[in-house]
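S.K.: Take this sequence and fold it.
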Amino acid sequence: MQHETGKGMTNAILRVRVAVIDNEHIIADTLAEILRQHGYEAKPHYNGESALVDAGWFRPDVVMSDIQIGKIDGIETALRIRKTQPQCRIILFTASPVGQDLYQKIDDLGFEFLRRPLQPLGVLALLAKR
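M.R.: You can find the predicted model right below:
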């Protein structure tokens, strides 16, 4: 992603911003740290409400969210962020069994899906595809 820096400077490459949402703090923190170590600007959130409040300021390019994260689930959080960030890529994950109906909903919404436990190399490879 390239943005004009203005004031006569050449284009600067900005890091891809990733909002990581999981109510298990260790998962959100660890995934965000792994992404930062690989050049992403990653920010952990522990619930959908926090991610929604921050999305307008942080403007994530990618949202990686557990589906089951509390009062506002990962799908609803992603849908709300997508309203203000229409180009935001959504990657959902869960360790819980996913029925065909839920999997179909995720697919119909154009979201991507990963099964937990997340493998760092798999996550990095998926992010690099775009």
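
S.K.: count of residues packed around residue 55?
M.R.: 21 (other Cβ atoms under 10 Å). Quick note: C-beta positions are derived from backbone N, CA and C, even for glycine.

S.K.: Going forward, count from 841.
M.R.: I'll keep to 841 as the first residue from here, and by that count the last item is residue 895.

S.K.: Helix or strand: which one has the nearest residue to it once chain neighbours are set aside?
M.R.: Leaving aside its sequence neighbours, residue 895 sits nearest to residue 921 (Cβ to Cβ, 6 or more residues apart in numbering; 4.8 Å). Secondary structure from DSSP states H and E places residue 921 in helix 914-924.

S.K.: Mind jotting down where the strands sit in this structure?
M.R.: 842-843, 852-853, 857-861, 881-885, 902-906, 929-934, 952-955 (DSSP state E).

S.K.: May I see the buried residues of the helix holding residue 921?
M.R.: With burial defined by 16 or more other Cβ atoms under 10 Å, the residues of helix 914-924 counted as buried are 914, 915, 917, 918, 921, 922.

S.K.: same for that helix, what does it pack against?
M.R.: For helix 914-924, the contact count by 3 or more Cβ pairs under 8 Å, 6 or more residues apart in numbering; DSSP states H and E identifies strand 857-861, helix 888-898, strand 902-906, strand 929-934 as packing neighbours.
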